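# Turn this into a structure:
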Amino acid sequence: MFESLTQRLGTALGSLTGKAKLNDENIQGTLREVRMALLEADVALSVVKDFIDQVRIRAVGQEVSASLSPGQVFVKIVNEELVRIMGEGSNALDLNTQPPAIILLAGLQGAGKTTSVAKLANWLKTREKRSVMVVSTDVYRPAAIDQLRALADEGDIRFCESSPDQKPVDIARAAIDLAKKQFVEVLIVDTAGRLHVDSDMMDEIKALHDTLSPIETLFVVDAMTGQDAAISAKAFNEILPLTGVILTKADGDARGGAALSVRSVTGKPIKFMTVGETIDALDAFHPDRIASRILGMGDVLSLIEDAEQKIDKKKAKKLARKIKKGKKFDLEDFRDQIQQMNNMGGITSMLDKLPGMGQMSKVAQQKINDNSFVQMEAIINSMTPGERHYPDSINGSRKKRIASGSGTQIQDVNRMLKQHRQMQKMMKKLGKKGGMQNMMRGMEGMSQPPGSGFPRN
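Below is the predicted model:
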């Protein structure tokens, strides 16, 4: 996510290393590079101008403290200004109303409204422990209602039936009545999209808004559209009282223009971003964490939250007990770890959130991409239970059978077995007294990228 911007900013900010003091002369070249990086990221020009002006004002004349180098001071300022333009403070949903709290989603066609409805419902159900119902008022797009029904079934979310021969306003009224009867806490309403902002579309959404009186009206926008996302959000905000934005396809956005433009252009906060295709691929938007990731300093808090939500705690505790007792880390355990990692978005998503590993995730995509883990899981699945528990028993003929059964080559099986042995050695070290502490000490140097990090309060 935002790889191009991270790389450009990292190069630009590295040029201040070794300076004794920040002044207008020695930051001019860096600011020029930062400006070009933001423009190439498709950030709105007005946002870029404001950002550069504020950074210059704050940076000029800053003395170097005992603990911070000029480069670190400058990165600290850039970090704080990134947080400012994306919106400081809490962007949480306001659900403080008489149930059902109604959330209306609006946006252009193809932005991902319907999937965002399901993801938001799943997020409220699993993270906030709310009872949720979803309904589609999109009577124009073929199979829109069927799509939302299927997604609701997948997430075990209540679904209010509707049909293309109904009027959107009538569907909305029926959904409110059903939500009240079933004592639902939150009702999320999907609306029809168009290929562009037109008067008919706006009239219909205004009528729906008047009928529903939603406590939250969220604009769903595709992150890949850059500053156009902010422009379309602004157009909707002039018609509807938007309360926030959902940024979709953020995991595929290498530039970051939408994330950095929306708040400044519309005055409305980004509340969520989608980071994958599965129903649980929705994250709350934290400007401070995103700024940290843009500057290559990772997002450990989000990584911890992912682990809390998506790791099977029973399996994790079972493995911990096994390793502590000195038992071998076998291929069943290895497969469990692969599955846990996939649940957290895969290796590249995890590396992207680790401090100083932003560029490493690119290398991982090329050499240890998530497809390789799918292949490893297929290889392990082709083994007998005995082979998984006793990998040393896998000889040449067994490897040939396993490769054939998993649709791979013998060298793929050998590579997987080698990776398992490496993991086994690491687990053995963790099982020893002080193993975890020694491992953490070895990782301390990763906590900040060289020359760019700064002490955290």
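# in the protein, which helix or strand is least confident?
Lowest by mean pLDDT, DSSP states H and E among the helices and strands of the chain is helix 435-443, with a mean of 45.
# Please, where are all the helices along the stretch 251-400 of the chain?
257-266, 287-294, 300-310, 313-324, 331-343, 347-352, 360-367, 370-381, 385-389, 396-406 (DSSP state H, counting those that start in this stretch).
# Of those, which shows the lowest average pLDDT?
When the helices of the stretch 251-400 of the chain are ranked by mean pLDDT, helix 360-367 comes last with a mean of 51.
# buried sites along stretch 199-214?
Residues of stretch 199-214 classed as buried: 201, 202, 204, 205, 208, 209, 211, 212, 214 (neighbour count, 16 or more other Cβ atoms under 10 Å). Where you see a C-beta, it was placed from the backbone N, CA and C, and this is true even at glycine.
# avg pLDDT for that stretch?
88.
# Now do that stretch: everything it contacts.
102-104, 106, 137, 168-169, 172-173, 176, 189, 191-194, 217, 239-241 (Cβ atoms under 8 Å, 6 or more residues apart in numbering).
# Distance from the chain centre to it, please.
The chain centre lies 30 Å from the centre of stretch 199-214; the measure is Cα atoms, centre = their mean, to the nearest Å.
# and residue 94, helix, strand or coil?
coil (DSSP: H, G, I helix; E, B strand; the rest coil).
# and it, backbone torsions?
The phi/psi pair for residue 94 (degrees, to the nearest 10) reads phi -100, psi 110.
# Excluding residues flanking it in the chain, which one is nearest it?
Nearest residue to residue 94, sequence neighbours excluded (Cβ to Cβ, 6 or more residues apart in numbering): residue 215, at 5.8 Å.
# Now list the buried members of the contacts of stretch 199-214.
102-104, 106, 137, 168, 172, 176, 189, 191-194, 217, 239-240.
# Tell me which two of those residues sit farthest apart.
176 and 194 (24.7 Å; Cβ to Cβ).
# coming back round to it: keep only those of the contacts of stretch 199-214 that are in helices.
168, 169, 172, 173, 176 (DSSP state H).
# ok, what's across the strand from the residue nearest to residue 113 when sequence neighbours are not counted?
Excluding the flanking residues, the one nearest residue 113 by Cβ to Cβ, 6+ apart is residue 220, at 4.6 Å. Partner residues in beta bridges with residue 220, using DSSP bridges, are residue 107, residue 246.
# which residues in the stretch 101-250 of the chain form helices?
So, for the stretch 101-250 of the chain - with DSSP H, counting those that start in this stretch - the helices run 113-126, 144-154, 168-181, 199-212, 227-237.
# State the distance from the residue with the largest distance to the centre of the chain to residue 381.
In the chain, the residue that sits farthest from the middle, by Cα atoms, centre = their mean, is residue 397; the gap is 43.5 Å. Per Cβ to Cβ, to the nearest Å, residue 397 is found 19 Å from residue 381.
# likewise residue 139?
From residue 139 to residue 381 the distance is 44 Å (Cβ to Cβ).
# Looking only at neighbour counts, state which of these two leads.
More crowded of residue 139 and residue 381, by other Cβ atoms under 10 Å: residue 139, with 18 against 12.
# show me the contacts for that one.
Residue 139 touches 145, 162, 163, 164, 165, 166, 167, 168, 171, 192, counting by Cβ under 8 Å, 6+ apart.
# next one: residue 105
Residue 105 sits in contact with 113, 116, 117, 120, 188, 189, 190, 191, 218, 219, 220, 246, where contact means Cβ under 8 Å, 6+ apart.
# let's go with 10 Å and repeat that
111-114, 116-117, 120, 134, 188-191, 193, 214, 216-220, 246 (Cβ atoms under 10 Å, 6 or more residues apart in numbering).
# can you check residue 48 too?
34-39, 41, 85, 227, 257, 260-261, 264.
# Filter the residues you listed down to the buried ones.
In those, the ones that pass as buried (16+ other Cβ under 10 Å) are 34, 35, 37, 38, 41, 85, 227, 257, 260, 261, 264.
# The residue nearest to residue 236 when sequence neighbours are not counted and residue 91, how far apart?
Leaving aside its sequence neighbours, residue 236 sits nearest to residue 219 (Cβ to Cβ, 6+ apart; 5.3 Å). The gap separating residue 219 from residue 91 is 13 Å, by Cβ to Cβ.
# Kindly report the same for residue 167.
33 Å.
# If you count surrounding residues, which of the two has more?
Under the neighbour definition other Cβ under 10 Å, residue 167 and residue 91 were set side by side, and residue 91 has more, 20 against 12.
# helix/strand/coil for that one?
Applying three-state DSSP: residue 91 is coil.
# In this model residue 262 seems to touch it, though I could be wrong.
No - Residue 91 is not in contact with residue 262 according to Cβ atoms under 10 Å; the separation is 11.4 Å.
# Now do the shared contacts for these two.
Contacts common to residue 91 and residue 262, judged by Cβ under 10 Å, 6+ apart, are 244, 245, 268, 269, 270, 285.
# Need the max-distance pair from those.
268 and 285 (11.6 Å).
# where do the contact lists of these two overlap?
Both residue 268 and residue 285 are contacted by 87, 91, 244, 245, 262, under the criterion Cβ under 10 Å, 6+ apart.
# Model confidence for residue 123, exactly?
94.
# Could you find the closest non-adjacent residue to it?
residue 282 (4.9 Å).
# Quick one: distance of the longest helix seen in the chain to the chain centre.
Taking DSSP H as the criterion, the chain has its longest helix at helix 410-431. Between the centre of helix 410-431 and the centre of its chain there are 30 Å (Cα atoms, centre = their mean).
# Could I get the average pLDDT for it?
Rounded mean pLDDT across helix 410-431 is 82.
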